[in-house]
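Visitor: below: sequence and its predicted model.
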Amino acid sequence: MDGATTDGNSQLGMLAGQVLLPDSKEFDAARAVWNGMISRHPKMIVQCMNAEDVALAVKHAAALDLPVSIRAGGHNVAGHAVCDDGLMIDLTAMRHVSVDPENRIASIEGGALWRDVDSASQAHGLATPGGLISDTGVAGLTLSGGIGWLRAKHGLSIDNLVGADVVIADGTLVHTDATENPELLWALKGGGGNFGVVVRFEFALHPIGPEVMFAAPIYAIEDGPGPIRAWRDFLKQHSDVVGSLCEFSTAGGEDFPEESWGKRVFTLACVYNGDPARGEALLQPLRELGDLVTDFSGRMAYCEVQQLFDTLMPAGDFRCYWKARYLTDLSDEMIDLAMQNALDAPSDNSLSSLWNFGGRTAEIDAAATAFGDRSMGWMYSLDGVWENSEEDARNIEWARRGWKASETHGHQDRIYLNFAGHGEDSDALTQASFGENYQRLVDVKTRYDPQNRFRFNQNIKPQT
């Protein structure tokens with residue numbers, strides 16, 4: 001136990017892992033998270049090796065009346081993994097993934113990254129819906145929904161969560177599935193990290209790959225909205241087999257023609273959720289909608305697709321502020337707004353995106369998961385990404401202004417809680433996003449975390 005002391009009331013001396021205090025040499029590295037804007041100072045960091053360690057850490061936090069933050073991938077843009085003046089539970093050593101190919105189930109430790117899951121499951125020709133960046137933590141992405149390339153055929157990450165082991169606020173290890181503590185499993189499916197520390201996830205797997213069809217034609221914004229409008233209409237016909245987003249960015253680097261460097265562009269990025277040959281033929285029209293800046297389309301390994309966006313935002317290199325909202329539909333006016341917002345971005349590193357829904361994602365009843373209503377057609381996200389603290393105000397204001405301007409196109413005032421800014425307006429937006437499921441979530445929160453020990457999230461407050 002590095003730099004830590006214990007007393008007669010503490011069980012941390014029994015840890016298989018270690019405790020880091022602020023004077024520990026590893027402390028600053030351990031408290032750092034992916035977003036370079038976030039710099040918080042917990043009272044201690046407990047680096048856990050197993051579920052027993054997590055239980056000890058939670059009991060210790062309760063004995064000291066400390067709130068608890070939970071680090072898995074540390075990729076949340078609001079930095080929920082690390083807290084000021086609380087106890088941070090670090091799960092990064094708990095990344096084991098085992099696959100039962102016969103029953104198509106993956107058992108995943110709470111600190112695993114999506115690349116761990118993809119690698120283990122693809123060894124058997126299987127996958128479960130993850131995110132778009134492979135160094136995202138399974139826990140953070142899943143617990144607030146999990147929107148990825150496979151959503152057209154297999155839904156969100158939560159739609160494939162079939163069980164979990166959770167250390168709740170009193171330090172008890174609880175299993176949840178469809179028959180044992182089912183209300184807790186329901187709450188984990190979109191309710192965020194409000195209910196405890198998930199030390200093991202169980203996911204249903206599906207036959208995917210090893211090769212998939214990825215389409216990524218890139219067009220210049222200056223050439224107009226025609227390709228986006230055609231893409232929108234195409235996806236309305238194929239939302240059951242194509243997971244896609246239109247991503248606005250700035251061209252640059254050796255992968256782009258030199259004459260395009262510095263241009264604002266958009267990529268019609270698509271993954272066909274099925275046979276790659278069929279997908280190649282189906283997606284071909286999206287590559288013929290006008291003059292191309294370049295085209296990154298082709299059949300490739302599923303694991304490669306899952307890692308394509310990793311290099312856009314290396315951990316700790318950038319300062320980030322993201323906002324998103326669901327859209328009822330994608331009108332011409334909303335497309336024009338998204339294009340203008342992309343042109344106005346003060347940083348060439350910033351991204352913004354339009355995401356499609358429908359397919360399997362839309363088939364899930366609103367009451368079936370804490371995530372709630374699935375009738376939104378699209379999502380709009382603004383991902384402010386920049387390098388210097390002097391540029392914080394300009395870039396945050398850009399994301400907020402664009403998000404506010406899209407309000408008239410919004411769906412029931414709902415937002416994707418993984419992209420909720422820095423949580424500065426979370427109370428009202430959290431309630432609006434859960435809608436009719438909110439009170440049921442309060443009831444689950446009150447049962448499993450009555451003291452609100454786990455409150456570094458889009459917080460659901462227990463009844464008092």
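Guide: That came through, no problem. Every value quoted in this text rests on a predicted model; they were computed, and no experiment measured them.
Visitor: ok, the residue most central in space within the chain - contacts?
Guide: Central residue of the chain (Cα atoms, centre = their mean): L141, 3.3 Å from the mean position. Contact analysis of L141 by Cβ atoms under 8 Å, 6 or more residues apart in numbering lists 73, 75, 114, 130-131, 157, 418. C-betas here are computed from N, CA, C, even on glycine.
Visitor: can you do 6 Å?
Guide: G131 (Cβ atoms under 6 Å, 6 or more residues apart in numbering).
Visitor: over to R40?
Guide: Contacts of R40 by Cβ under 6 Å, 6+ apart are 82-84.
Visitor: and with 8 Å instead?
Guide: 31, 79, 82-84.
Visitor: ok, M376 next?
Guide: 326-328, 357, 411-412, 414.
Visitor: which strand or helix spans it?
Guide: In this assignment (DSSP states H and E), M376 forms part of neither any helix nor any strand.
Visitor: now the one 3 residues further on
Guide: With elements taken from DSSP H and E, the one containing M379 is strand 378-386.
Visitor: what is the mean pLDDT for that strand?
Guide: Computed over strand 378-386, the mean pLDDT rounds to 97.
Visitor: quick one: strands adjacent to it?
Guide: Strand pairing for strand 378-386, using DSSP bridges, gives strand 319-327 (antiparallel), strand 351-356 (antiparallel).
Visitor: quick one: which of those strands is nearest S244?
Guide: strand 351-356 (5.1 Å; Cβ to Cβ).
Visitor: which other helices and strands does whichever helix or strand comes after the closest one contact?
Guide: Following strand 351-356 in sequence order, the next helix or strand is helix 359-363 (DSSP H and E). Using 3 or more Cβ pairs under 8 Å, 6 or more residues apart in numbering; DSSP states H and E, the elements in contact with helix 359-363 are helix 151-154.
Visitor: rewinding a little: relative to P257, which of the strands paired with strand 378-386 is closest?
Guide: Of all the strands paired with strand 378-386, strand 351-356 comes closest under Cβ to Cβ, at 20.2 Å.
Visitor: mind listing residues that contact the closest one?
Guide: Residues contacting strand 351-356 (Cβ under 8 Å, 6+ apart): 147, 228, 235, 239, 242-249, 312, 327, 330, 334-335, 338, 341-342, 345, 377-383, 385, 402.
Visitor: now this structure, which segments are flagged as low pLDDT?
Guide: For the chain, applying pLDDT under 70 flags the ranges 1-10, 425-426.
Visitor: what about the helices in it?
Guide: In the chain, the helices defined using DSSP state H lie at 27-31, 51-63, 114-122, 138-143, 151-154, 182-188, 226-238, 276-283, 302-306, 332-344, 359-363, 392-405, 426-434, 438-448.
Visitor: what residues of the second one count as buried?
Guide: By neighbour count with 16 or more other Cβ atoms under 10 Å, helix 51-63 contains the buried residues 51-62.
Visitor: and this protein, what are its domain boundaries?
Guide: 12-90, 97-208, 211-427 (automatic domain parsing).
Visitor: kindly reformat those domains as CSV containing distance to K445.
Guide: Formatted as CSV, the domains of the chain follow (distance: least, Cβ to Cβ, whole Å):
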stretch, distance to K445
domain 12-90, 14
domain 97-208, 5
domain 211-427, 11
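Visitor: so for G435, which of the ones you listed sits nearest?
Guide: Per Cβ to Cβ, nearest to G435 of those: domain 211-427, 5.1 Å.
Visitor: ends of that closest one, what's the gap?
Guide: In domain 211-427, first residue to last residue: 42 Å (Cα to Cα, to the nearest Å).
Visitor: confirm for me that A62 is in contact with R453.
Guide: Yes: with contact defined as Cβ atoms under 8 Å, A62 counts as touching R453 (6.8 Å).
Visitor: common neighbours of the two, please.
Guide: If you check A62 and R453 against Cβ under 8 Å, 6+ apart, the residues they both contact are A169.
Visitor: how about the strands paired with strand 378-386, which one is nearest E180?
Guide: The nearest among the strands paired with strand 378-386, by Cβ to Cβ, is strand 319-327 at 32.3 Å.
Visitor: tilt between the closest one and helix 332-344?
Guide: Calculated by axes from the mean of the first three to the mean of the last three Cα atoms, to 10 degrees, strand 319-327 forms an angle of 170 degrees with helix 332-344.
Visitor: chain center to strand 319-327: distance?
Guide: 12 Å (Cα atoms, centre = their mean, to the nearest Å).
Visitor: angle of it against helix 392-405?
Guide: 0 degrees.
Visitor: can you add distance to Q284 and neighbour count and give the contacts of R40 back as TSV?
Guide: Converted to TSV, those look like this (distance: Cβ to Cβ, whole Å; neighbours: other Cβ atoms under 10 Å):
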residue	distance to Q284	neighbour count
R31	48	23
G79	42	24
V82	46	25
C83	49	22
D84	52	12
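Visitor: now flag whichever of these is closest to I221.
Guide: Among these, and counting by Cβ to Cβ, the member closest to I221 is G79, at 31.2 Å.
Visitor: now do the contacts for the closest residue to that closest one other than its chain neighbours.
Guide: For G79, the nearest residue in space outside its immediate sequence neighbours is I38; the separation is 3.3 Å by Cβ to Cβ, 6 or more residues apart in numbering. Residues in contact with I38, defined by Cβ under 8 Å, 6+ apart, are 78-79, 82.
Visitor: what do you get for E363?
Guide: Contacts of E363 by Cβ under 8 Å, 6+ apart are 155, 374.
Visitor: over to the one 4 residues further on?
Guide: Applying Cβ under 8 Å, 6+ apart, one finds that A367 lies in contact with 436-437.
Visitor: mind redoing it with 10 Å?
Guide: Listed by Cβ atoms under 10 Å, 6 or more residues apart in numbering, the contact set of A367 reads 186, 373, 436-437, 440.
Visitor: I'd like those residues as TSV, with distance to G423 appended.
Guide: TSV is the format used below for the contacts of A367 (distance: Cβ to Cβ, whole Å):
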residue	distance to G423
W186	24
D373	22
E436	23
N437	20
R440	22
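Visitor: farthest-separated two in those residues?
Guide: W186 and D373 (15.0 Å).
Visitor: give me the more crowded residue out of those two.
Guide: In this view W186 and D373 are compared by other Cβ atoms under 10 Å, and W186 has more residues nearby, 22 against 19.
Visitor: this completes my enquiry, with thanks.
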